[in-house]
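[1] Generate coordinates for the sequence data below:
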Amino acid sequence: MIKECTDEELVYMIHANSDIALTMLLDRVCEAVLSTIEGIIKRLGCYEVEDAKQAVRLGCLSAVDTFRPDKDSSFRYFAKMCAEREVRSMVRKERSKGLSSHYRSVSLDQVQVRESEG
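    As a prediction, the model looks like this:
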């Protein structure tokens with residue numbers, strides 16, 4: 001019976017505290033969303049597939065919390081947008097971590113000090 005529910009019906013059931021609906025919706029939607037934004041993940045340079053999957057899952061969970069059925073959008077499309085935003089955010093954070101650690105890790109052996117002539 002629950003397998004025949006639409007994504008939007010599952011969201012409604014989740015808000016009524018159905019753990020089964022949450023599991024089913026995440027399994028159903030996250031894989032579909034991951035496959036549709038796979039190109040974005042590669043283009044942004046996500047080398048850790050598991051990190052990207054977790055970001056997609058977080059985006060889908062965010063979509064469950066913030067989805068409004070009265071808007072003219074399907075849940076799946078909304079979840080895709082939330083997941084894409086989460087992946088982009090993850091990449092930005094990783095890139096900024098990489099840059100900041102690069103700037104902090106300067107060896108004193110590499111610094112050349114010129115002695116003043118005088």
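[2] Okay, strands next: where are they in the protein?
    Ranges of strands in the chain, per DSSP state E: none exist.
[3] How many neighbouring residues does A55 have?
    24 (other C-beta atoms under 10 Å). (C-beta placed from N, C-alpha, C; glycine too.)
[4] so what's R43 up against?
    Under the criterion of C-beta atoms under 8 Å, 6 or more residues apart in numbering, R43 has no neighbours.
[5] pLDDT weak spots in the protein?
    In the predicted model of the chain, residues 45-47, 98-118 satisfy pLDDT under 70.
[6] Apply 90 and report the result again.
    Applying pLDDT under 90 to the chain flags residues 1-3, 30-56, 69-73, 84, 87-118.
[7] in the lengthiest helix in it, what counts as buried?
    Ranked by residue count and defined by DSSP state H, the top helix of the chain is helix 75-104. Under the neighbour-count criterion of 16 or more other C-beta atoms under 10 Å, helix 75-104 has 75-76, 78-80, 82-84, 86-88, 90-91, 94 buried.
[8] Fine, thanks again, bye for now.
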